[in-house]
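> Show me the folded form of this:
(one chain, ligands or ions: 1)
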Amino acid sequence: MADTIIILDYGSQYAQLIARRVREANVYCEIVSWRAPAEEVLARQPKGFILSGGPNSVYDPGAPALPDYVLGAGVPVLGICYGMQLLAHRLGGRVAGSTRREYGPATLAVDETAAPLFANWGASDGRGETVWMSHGDKVEALPPGFRPIAHSDNSPLAAAADPARGLYAVQFHPEVAHTPRGAVLLSNFVHRICGCGPDWTPANVIDGATTAIRRQVGDGRVVLGLSGGVDSAVAAALIHRAIGEQLTCIFVDTGLLRLGEAVKVVQTFQQEQGIHLIAVNAVEEYLEALAGVTDPEQKRRIIGEKFVRVFEREAARLGRIDFLAQGTIYPDVIESAGKGREARVIKTHHNVGGLPDDMQFQLVEPLRMLFKDEVRRLGAALGLPDAIVWRQPFPGPGLAVRCLGEVTWERLERLRAADAVFLEELAAADLLREGTQQAFAVLLPVRSVGVMGDGRTYQEVIALRAVTSEDFMTADWARLPHELLARVSRRIVNEVAGVNRVVFDITSKPPGTIEWE
Ligand code: XMP
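Residues are numbered from 1 along each chain as shown. Below is the predicted model:
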């Protein structure tokens with residue numbers, strides 16, 4: 001079992017970021033609710049706790065509390081923001097209600113440069129590192145045993161420590177990018193203070209996962225729906241590494257994939273990885289089901305249902321199957337655990353490989369505890385090609401939701417050709433991995449007038465969408481170089497029959513969404 005840090009979630013919008021920073025320091029961690037039963041948490045034998053921030057005041061009626069087992073476990077604790085206030089409130093310090101909120105950057109002066117929390121933190125005189133503040137309440141008097149170790153102009157107690165009891169607290173947020181040295185502080189906490197080893201590495205993750213898969217599956221048979229996306233691809237490679245021939249992958253060619261994608265999936269998994277793969281050509285079936293349909297939600301429903309039917313039919317042909325494997329990743333797990341309240345449905349998301357409700361399989365989900373960047377690193381370590389490991393997200397319903405209006409083969413081919421030009425130019429400019437998190441073409445259901453040579457044209461419009469985003473919940477349009485846009489536009493109009501105009505989408509999310517349907 002890897003050294004484990006437990007992050008108690010007090011409703012912070014940054015809990016996942018804390019976890020990612022800890023994982024980046026090669027230490028395994030899990031996020032659990034502050035309400036989780038003590039036995040469940042202690043069973044993980046944590047080597048330290050991090051208490052997240054949260055929207056509450058410790059004085060709110062029914063405010064989230066500090067469970068007894070945290071201080072009773074005898075391991076170090078780091079309280080961040082609300083977590084700091086909780087520690088102070090609980091241990092006899094004083095928390096002041098918000099007289100003046102503090103939100104934004106602050107300059108942190110470290111008063112105790114020898115404190116292990118601030119090892120390698122910044123300038124040796126402790127001056128001048130920027131930290132991100134976001135709080136209403138703040139700690140006004142420290143509990144007995146604590147001493148201040150850093151301050152900012154507005155927060156005399158920006159960081160405090162009680163080294164004898166292993167208790168540490170910071171008012172600012174070390175987990176966010178706006179605290180440039182924050183990762184150093186979290187790494188100090190988990191390594192120097194909690195004593196965790198740097199054992200969360202791709203090689204160890206692969207070892208642990210393959211052992212766990214073998215134990216779970218025994219000599220059973222596993223089926224996995226491969227979409228070509230990163231998650232199902234890495235899950236397939238990992239499970240194959242663990243159980244080889246006992247895994248069968250089903251890949252459904254819906255006709256809604258991008259240029260060359262179906263061929264690439266088959267080549268990678270069947271030929272290069274040697275995985276038993278059944279490739280189903282269901283293009284006709286999908287096109288028939290989508291004929292005449294223009295409503296986005298109806299398209300999504302049809303595609304979701306169709307996938308279940310095709311998958312079931314193919315799986316039934318395999319005879320006895322004991323397990324269904326899925327590429328579920330940690331953010332999905334955290335989000336579904338946190339779903340007490342139903343969010344309003346903006347779009348019905350559908351994941352190819354999603355679990356049909358009425359199928360009787362046990363689940364194998366080897367990526368359940370991994371973040372997306374960890375999944376990519378694992379994929380690379382398992383020998384998957386860059387084109388798959390670094391693939392940008394692609395919606396389950398595929399090009400159907402980028403082909404606005406009716407989905408016909410001719411229009412799909414038009415869209416595919418335009419999209420390929422855009423992606424090719426972005427890749428050539430090195431903007432597919434870093435400069436954009438998602439980029440694609442959309443075919444619009446309108447025609448516009450143009451002139452080509454001496455003739456009038458009346459053809460369809462391509463919209464280019466390129467966004468930067470951290471988590472795809474919010475996004476901004478990518479400021480692509482004008483020269484690049486000019487080249488893409490020129491090439492699309494010249495090379496793609498049926499398109500005579502190209503536009504660039506300059507809407508952020510919100511109010512727009514990333515996809516157009
Ligand atoms: P929106 O358009 O809601 O998209 O801003 C946010 C992210 O989700 C992707 N997306 C989907 N992914 N099934 C998926 O697996 C879907 O039905 C689906 N719809 C949107 C979208 O590409 C973006 O990355």
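
> Poorly predicted segments of this structure, please.
For the chain, applying pLDDT under 70 flags the ranges 99, 123-127, 337-360.

> Could you measure from the residue nearest in space to the middle of it over to residue 16?
Centroid check for the chain by CA atoms, centre = their mean gives residue 372 as the closest residue, at 4.8 Å. With distances taken as CB to CB, to the nearest Å, residue 372 is found 11 Å from residue 16. Quick note: C-beta positions are derived from backbone N, CA and C, even for glycine.

> which residues do those two both contact?
Shared contacts of residue 372 and residue 16, defined by CB atoms under 8 Å, 6 or more residues apart in numbering, comprise residue 331.

> which residues touch the residue nearest to the centre of the chain?
Residues in contact with residue 372 (CB under 8 Å, 6+ apart) are 230-231, 329, 331.

> With residue 106 instead?
Neighbours of residue 106 in contact, by CB under 8 Å, 6+ apart: 130-133, 152-155, 158, 172.

> Quick check: closest non-adjacent residue to it.
residue 152 (4.1 Å; CB to CB, 6 or more residues apart in numbering).

> same check, this time on residue 199
Spatial nearest neighbour of residue 199, excluding adjacent residues (CB to CB, 6+ apart): residue 2 at 5.2 Å.

> So the one you found belongs to a strand, correct?
No - judged by DSSP: H, G, I helix; E, B strand; the rest coil, residue 2 forms no part of a strand; its state is coil.

> how near is it to the ligand?
30 Å (CB to the nearest ligand atom, to the nearest Å).

> How many neighbouring residues does that residue have?
Residue 2 has 17 neighbours, counted by other CB atoms under 10 Å.

> my read: it touches residue 28, true?
Yes - assessed by CB atoms under 8 Å, residue 2 is found in contact with residue 28 at 4.1 Å.

> neighbour-wise, which of the contacts of residue 106 leads?
Counting neighbours by other CB under 10 Å, residue 172 leads the contacts of residue 106 with 30 neighbours.

> Now residue 277: which helix or strand?
Per DSSP states H and E: residue 277 is located in strand 276-281.

> May I have whichever helix or strand comes after that strand exported as CSV, CA atoms only?
Proceeding N to C from strand 276-281, the next assigned helix or strand is helix 283-290, under DSSP H and E. Only the C-alpha atoms of helix 283-290 are listed here, as CSV (Å, rounded to 0.1, in the frame of the first residue of the first chain):
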residue,chain,number,x,y,z
VAL,A,283,-22.0,3.2,-39.9
GLU,A,284,-25.1,2.4,-41.9
GLU,A,285,-27.1,1.6,-38.8
TYR,A,286,-26.2,5.0,-37.2
LEU,A,287,-26.9,7.0,-40.3
GLU,A,288,-30.3,5.4,-40.7
ALA,A,289,-31.2,6.1,-37.1
LEU,A,290,-30.1,9.7,-37.4
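
> what packs against the helix or strand following helix 283-290?
Counting by DSSP H and E, the next helix or strand C-terminal to helix 283-290 is helix 296-317. Under the contact criterion of 3 or more CB pairs under 8 Å, 6 or more residues apart in numbering; DSSP states H and E, helix 296-317 touches strand 222-226, strand 247-253, strand 276-281, helix 283-290.

> Swap in 7 Å and give it another go.
Identification of packing neighbours for helix 296-317 by 3 or more CB pairs under 7 Å, 6 or more residues apart in numbering; DSSP states H and E yields strand 247-253, strand 276-281, helix 283-290.

> Who are the contact partners of the residue lying farthest from the centre of the chain?
Most distant from the centre of the chain: residue 454, at 50.1 Å, with distances by CA atoms, centre = their mean. Not one residue lies near residue 454 by CB atoms under 7 Å, 6 or more residues apart in numbering.

> Distance check, it against the ligand.
41 Å.

> What of residue 286?
Counting by CB to the nearest ligand atom - residue 286 and the ligand are separated by 15 Å.

> my guess is that residue contacts residue 255, does it?
Yes - contact status for residue 286 versus residue 255: in contact at 5.4 Å, counting by CB atoms under 7 Å.

> Can you report how many residues neighbour residue 141?
Residue 141 - counted by other CB under 10 Å - has 13 other residues nearby.

> Could you report the neighbour count for the residue lying closest to it once chain neighbours are set aside?
Spatially, and ignoring its direct neighbours in sequence, residue 141 is nearest to residue 94 (4.0 Å; CB to CB, 6+ apart). By other CB under 10 Å, the residues close to residue 94 number 11.

> coming back round to it: of the contacts of residue 106, which ones also sit close to the ligand?
By CB under 6 Å from any ligand atom, no member of these lies near the ligand.

> Which parts of the stretch 51-200 of the chain are strands?
Using DSSP state E, counting those that start in this stretch, the strands of the stretch 51-200 of the chain run over 77-80, 94-96, 102-110, 129-135, 138-141, 147-151, 159-162, 167-170.

> With distance to residue 395 as added columns, please give those in a markdown table.
Converted to a markdown table, the strands of the stretch 51-200 of the chain look like this (distance: least, CB to CB, whole Å):
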| stretch | distance to residue 395 |
| --- | --- |
| strand 77-80 | 35 |
| strand 94-96 | 45 |
| strand 102-110 | 35 |
| strand 129-135 | 32 |
| strand 138-141 | 43 |
| strand 147-151 | 45 |
| strand 159-162 | 43 |
| strand 167-170 | 39 |
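
> Mind checking the ones you listed for the one nearest to residue 413?
strand 129-135 (48.1 Å; CB to CB).

> correct me, but residue 223 touches residue 246?
No - using CB under 7 Å, residue 223 is not in contact with residue 246; the gap is 10.1 Å.

> Please list all residues in contact with the residue nearest to residue 106.
By CB under 7 Å, 6+ apart, residue 152 lies in contact with 106-109, 158.

> cool, and residue 118?
By CB under 7 Å, 6+ apart, residue 118 lies in contact with 110, 185.

> same thing with residue 154?
Contacts for residue 154 (CB under 7 Å, 6+ apart) come out as 102, 106.

> Please parse this structure into its domains.
4-193, 202-389, 402-504 (automatic domain parsing).

> Deepest-packed of these, please.
Of all these, domain 4-193 has the most neighbours on average by mean count of other CB atoms under 10 Å, namely a mean of 19.

> start to end distance for that one?
13 Å (CA to CA, to the nearest Å).

> among the contacts of residue 372, which are in helices?
If you go by DSSP state H, the contacts of residue 372 have 230-231, 331 in helices.

> Go through these and name the one nearest residue 316.
Closest approach between the ones in helices among the contacts of residue 372 and residue 316, by CB to CB: residue 231, at 24.7 Å.

> picking up where we left off before, and the contacts of residue 372 as TSV, adding distance to the ligand?
Formatted as TSV, the contacts of residue 372 follow (distance: CB to the nearest ligand atom, whole Å):
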residue	distance to the ligand
230	11
231	9
329	12
331	12
